[in-house]
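Peer 1: Fold the following.
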Amino acid sequence: MQFKELNVIPEILKALEMENYSTPTPIQEKAIPIVLSGRDLLGCAQTGTGKTAAFAIPTLQLLSEEKAPQKANHAIRALVVTPTRELAIQIYESFCTYGKFTKLKSCVIFGGVSQKTQEDKLKQGVDILIATPGRLNDLLNQKVIDLKHLKIFILDEADRMLDMGFIHDVKKIISRIPAERQTLFFSATMPADVARLSDTMLKNPANVKITPESTTANTIDQYVYYVDKENKKDLLLHILNDQSIESLLVFTRTKHGADRLVKQLSKNKITAKAIHADKSQGARQSALSSFKERKIRVLIATDIAARGIDIDELTHVVNYDLPNISETYVHRIGRTGRAGLNGIAIAFCDFDEKELLSDIERLIRKHLKEVKDHPFPLLNNFPAVKITQPRRDPSKAKAAAAAPKKKMRMTADGVLKEKTGFSKTPRSNRKGSTDSKRVSR
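Peer 2: Here you go, the predicted model:
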């Protein structure tokens, strides 16, 4: 099937052709006709399946075909709420790309930066607003944003939104938008709290479920290197000796670990940058841009970026530290092998992470292929030994219990000694002396 078979308007088709997009992904093929029909949509799909285009393309088309009242010209008619700044920026870029031949205006707002520039953009008129929950509520409270003309509301990454504690912010936003609207609700997983939230927002929705959370794309080859923790850095350097690896996204478990790894690579003349929650928005965006533009070869990230990085032709992802939550592994490696391209996912597994690897393999229902021929094999590759007390001979134990207990005495300098039955100190001088006190045991 081609996009033109989904009745996409020529203006958007032209933009898609310029990006060499001709064949829709499964979620695009299912979701676009539903959204164009005006129905609410409940979509269960992980990142990397093409869901941004699944809601961006029909939203642009519906707004282009609708004749807005003169007084509402360039008023906010579509709102996309997403949990992270990185994801908000990428969704904004997608709307700009697909809608370049329409007359619609898009804008993105997020926290961590001055709101003055964002306010100026809003005053110029905006049809489609992409926002993170905190900054959106701030500007709503300041009456900088007016949502009374809203027609389409899109909540993206709903499960991630709840995990990050945005549930109350989302509910505040819902209370401020028109009840009569079309709602598109997307989540990678559908736990009970997410399902309850969708029930309060959607009216007779169509359901689209693509690629279960526990599966990984068939275009990703997955490997595991068993390696001692102290040798992980050297193993990464060994892998980077392969100059055919054009771009490498590395995931660490902690922010400190990410920064430390950047410094270690720098000492070995490899330029890398880190992206995590303690970095300023400017620093994070600069690192991401440098990586996308191939100015740096390695980007080190914590899981804040697991669902927020969309990089064309990313070839390799390395799990430097295995995640504690198995589903996070699926999100991490989903940064590669996108849009039908092949990708390689590498996991480093030290002795203490073997159980985490087992959990991951149970979840994805496949074993990662072990790479054995490398310079830093796991040295402690042995099962844990349970230390127990040696079994005692019952007869010896009985004899020991019947034996008379040795009498002990404590010397003046605090040393416990066996009482031998005689003392060098005359009895007359022992009364009240420190070393004559008996210690029972």
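Peer 1: How many residues are close by Thr315?
Peer 2: 17 (other Cβ atoms under 10 Å). The way it works is simple: take the backbone N, C-alpha and C, and place the C-beta from them, glycine included.
Peer 1: and if you look at Lys14?
Peer 2: Lys14, neighbours per other Cβ under 10 Å, totals 12.
Peer 1: Could you look up the SS state of it?
Peer 2: With DSSP: H, G, I helix; E, B strand; the rest coil as the basis, Lys14 sits in helix.
Peer 1: which one is it nearest to, not counting chain neighbours?
Peer 2: Sequence neighbours aside, Phe101 is the residue nearest to Lys14 in space, at 5.4 Å (criterion: Cβ to Cβ, 6 or more residues apart in numbering).
Peer 1: which SS class is the one you found?
Peer 2: coil.
Peer 1: For it, give me its contacts.
Peer 2: Glu11, Ile12, Lys14, Ala15 (Cβ atoms under 8 Å, 6 or more residues apart in numbering).
Peer 1: could you point out which element follows the helix or strand where the first one lies?
Peer 2: What it means is Glu11. Using DSSP states H and E, the element containing Glu11 is helix 10-18. Tracing the chain C-terminally past helix 10-18 and defining elements by DSSP H and E, one meets helix 26-36 next.
Peer 1: How about residues contacting that next one?
Peer 2: For helix 26-36, the external contacting residues (Cβ under 8 Å, 6+ apart) are 1, 6-8, 24, 41, 43, 45, 49-51, 53-55, 57-59, 61-62, 182, 184, 206, 208, 210-211.
Peer 1: again, but for stretch 201-211
Peer 2: When contacts are defined by Cβ under 8 Å, 6+ apart, stretch 201-211 is touched by residues 25-27, 30-31, 34, 39-46, 49, 51, 153, 155, 174, 183, 185, 198, 217.
Peer 1: Buried residues in it, which are they?
Peer 2: Met201, Leu202, Pro205, Ala206, Val208, Ile210, Thr211 (16 or more other Cβ atoms under 10 Å).
Peer 1: List phi and psi for the first one.
Peer 2: Per-residue torsions, Met201: phi -100, psi -30 (degrees, to the nearest 10).
Peer 1: From Thr59, how far out is Phe95?
Peer 2: Here Phe95 is placed at a distance of 8 Å from Thr59 (Cβ to Cβ, to the nearest Å).
Peer 1: returning to what we had before: from the contacts of stretch 201-211, which ones fall inside strands?
Peer 2: Leu41, Leu42, Gly43, Cys44, Phe153, Leu155, Thr183, Phe185 (DSSP state E).
Peer 1: And the furthest pair within these?
Peer 2: Of all pairs drawn from these, the greatest distance, 17.9 Å, lies between Cys44 and Phe153 (Cβ to Cβ).
Peer 1: Leu356 is in what secondary structure piece?
Peer 2: Going by DSSP H and E, Leu356 is in helix 354-364.
Peer 1: where along the stretch 151-300 of the chain do the helices fall?
Peer 2: Remark: helices assigned in the stretch 151-300 of the chain by DSSP state H, counting those that start in this stretch are 158-163, 167-175, 192-201, 232-240, 255-267, 281-292.
Peer 1: among those, which is the most enclosed?
Peer 2: Stretch with highest mean neighbour count among these: helix 158-163 (a mean of 22; mean count of other Cβ atoms under 10 Å).
Peer 1: could I get the helices of the stretch 151-300 of the chain as TSV with mean pLDDT and distance to Gly337?
Peer 2: Shown next, in TSV, are those (pLDDT from 0 to 100; distance: least, Cβ to Cβ, whole Å):
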stretch	mean pLDDT	distance to Gly337
helix 158-163	85	20
helix 167-175	94	31
helix 192-201	92	26
helix 232-240	96	18
helix 255-267	94	23
helix 281-292	85	17
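Peer 1: got a markdown table for the ones you listed, with distance to Gln142 too?
Peer 2: What follows is those, written out as a markdown table (distance: least, Cβ to Cβ, whole Å):
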| stretch | distance to Gln142 |
| --- | --- |
| helix 158-163 | 22 |
| helix 167-175 | 14 |
| helix 192-201 | 25 |
| helix 232-240 | 46 |
| helix 255-267 | 32 |
| helix 281-292 | 20 |
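Peer 1: Please identify which of the ones you listed is closest to His149.
Peer 2: Across the helices of the stretch 151-300 of the chain, closest to His149 is helix 167-175 (Cβ to Cβ), at 15.4 Å.
Peer 1: Which secondary structure elements does that closest one sit against?
Peer 2: helix 133-141, helix 192-201 (3 or more Cβ pairs under 8 Å, 6 or more residues apart in numbering; DSSP states H and E).
Peer 1: can we see that at 7 Å?
Peer 2: On a contact count with 3 or more Cβ pairs under 7 Å, 6 or more residues apart in numbering; DSSP states H and E, helix 167-175 meets helix 133-141.
Peer 1: Buried ones in the helix it packs on, by neighbour count?
Peer 2: For helix 133-141, a neighbour-count test (16+ other Cβ under 10 Å) marks Pro133, Arg135, Leu136, Asn137, Leu139, Leu140 as buried.
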